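Engineer: Below are the sequence and a predicted model for it; my questions follow.
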Amino acid sequence: MTSNIMSLSDAIRRFVKDGQSLALEGFTHLIPTAAGHEIIRQKRRELTLIRMTPDIVYDQMIGMGCAKHLVFSWGGNPGVGSLHRFRDAIQNGWPNAVTIAEHSHADMAGRYQAGASGLPFSVLRGYVGSDLPKHNPDIKSITCPFTGEVLAATPAINPDVTVIHAQKADRKGNVLVHGITGIQKEAVLAAKVAIATVEEIVDNLEAPMNACVLPHWTLAAVCEVPMGAHPSYAHGYYERDNAFCREWEVISRERERFVEWMKANVMSTPNHAQFLTYAGIR
């Protein structure tokens, strides 16, 4: 069996191309920040970024010119405030214009589930009384053939590439995710290609109750990247860096300071370990 274990730089080089649709998923913890940084380093462009809750890593990717379109349900710096680079791209077209397609949380989850299930669309009641259907042409109406009820339907999400972060992988490339798993499993199964970064690679996976194990054949690449979710947390490994989230509010507010920080700490570092050192995180 050919191993899917490789370096993060090799995985991004092989599987992430300009113009693709890309989902970096993680909810509260296990956000694949290191992968986002590598995409920035490799200067991918014209990406459609998909995520239920875009936060700091998408702010960085948008601010560094990677994105042309964002599909999402909520965006912000958790517990702090706005995403200034995202806002600047929408309002002022800097560094380039980014268009958006906004959905509800429940809708995004249903769309991933539909994509993972091989279905063409998702159905929900969630837009009753909402103005979103007036602004998003992907939200359509469908009549239930059994009850006659009019419901909302939205297309399945099938990203070209999904990237997640997880706690462990074994040497065969099977990946263990536990704690809050969000929509990661569905995002992997819906994708044409999936990449997982992990805290560590071990000989044997010991899965706790209610954990998710993604078999190696669902993943094109598995990359060992300790602290690859920072500043989010990884259940069982480290806590969220709330101080960095507050610091990002200041770093990202002005274009010049943002670019200076990204050049010094991301573009000038060869990998995530060096980023953590240069940024004073460890």
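Structural biologist: That came through fine. Numbers count the residues shown, from 1 in each chain.
Engineer: Now do the contacts for T181.
Structural biologist: Residues in contact with T181, defined by Cβ atoms under 8 Å, 6 or more residues apart in numbering, are 27, 212. Backbone N, C-alpha and C define where each C-beta goes, glycine included.
Engineer: redo that, cut-off 6 Å
Structural biologist: Residues near T181 by Cβ atoms under 6 Å, 6 or more residues apart in numbering: C212.
Engineer: Equivalent analysis for A116, please.
Structural biologist: The contact partners of A116, by Cβ under 6 Å, 6+ apart, come to 186, 189-190.
Engineer: Closest one of those residues to S232?
Structural biologist: E186 (19.0 Å; Cβ to Cβ).
Engineer: Over to the closest one. Which of the three states is it?
Structural biologist: helix (DSSP: H, G, I helix; E, B strand; the rest coil).
Engineer: quick one: pLDDT of it?
Structural biologist: On pLDDT, E186 comes in at 98.
Engineer: got a list of what it touches?
Structural biologist: For E186, the contact set (Cβ under 6 Å, 6+ apart) comprises 112-113, 116.
Engineer: so where do the helices sit in the protein?
Structural biologist: 8-15, 33-41, 56-63, 84-92, 105-117, 132-135, 184-190, 242-251, 255-262, 272-278 (DSSP state H).
Engineer: Any idea which of those gets closest to W74?
Structural biologist: That would be helix 105-117 among the helices of the chain, by Cβ to Cβ, at 6.8 Å.
Engineer: List the buried residues in the closest one.
Structural biologist: For helix 105-117, a neighbour-count test (16 or more other Cβ atoms under 10 Å) marks 107-116 as buried.
Engineer: what does stretch 253-270 give?
Structural biologist: By 16+ other Cβ under 10 Å, the buried positions in stretch 253-270 come out as 258, 261-262, 265-266, 269.
Engineer: end-to-end on that stretch?
Structural biologist: In stretch 253-270, first residue to last residue: 26 Å (Cα to Cα, to the nearest Å).
Engineer: Nearest residue to E224 in space, please, no chain neighbours.
Structural biologist: Closest residue in space to E224, ignoring its immediate chain neighbours: I201 at 4.9 Å, by Cβ to Cβ, 6 or more residues apart in numbering.
Engineer: I'd like to know how many residues surround that neighbour.
Structural biologist: Counted with other Cβ atoms under 10 Å, the neighbours of I201 add up to 15.
Engineer: ok, now how distant is V193 from N271?
Structural biologist: Using Cβ to Cβ, to the nearest Å, we find V193 at a distance of 21 Å from N271.
Engineer: If you count surrounding residues, which of those two has more?
Structural biologist: Neighbours were tallied for V193 and for N271 using other Cβ under 10 Å; the higher tally belongs to V193 (19 against 15).
Engineer: pretty sure the more buried one is touching V16, no?
Structural biologist: No. V193 is beyond contact range of V16, at 8.6 Å (criterion: Cβ atoms under 6 Å).
Engineer: Now do the shared contacts for those two.
Structural biologist: Common contacts of V193 and V16 (Cβ under 6 Å, 6+ apart): V161.
Engineer: how far away is Q274 from Q42?
Structural biologist: Per Cβ to Cβ, Q274 is found 15 Å from Q42.
Engineer: Spell out, range by range, the strands that occur in the stretch 151-282 of the chain.
Structural biologist: Taking DSSP state E, counting those that start in this stretch as the test, the strands found in the stretch 151-282 of the chain are 161-170, 175-177, 193-202, 212-214, 221-224.
Engineer: list the helices and strands the second one packs on?
Structural biologist: Judged by 3 or more Cβ pairs under 6 Å, 6 or more residues apart in numbering; DSSP states H and E, the packing partners of strand 175-177 are strand 161-170, strand 212-214.
Engineer: do the same with the third one
Structural biologist: Contact analysis of strand 193-202 by 3+ Cβ pairs under 6 Å, 6+ apart lists strand 161-170, strand 221-224 as its packing neighbours.
Engineer: so it versus helix 33-41, what angle?
Structural biologist: Relative orientation of strand 193-202 versus helix 33-41 (axes from the mean of the first three to the mean of the last three Cα atoms, to 10 degrees): 130 degrees.
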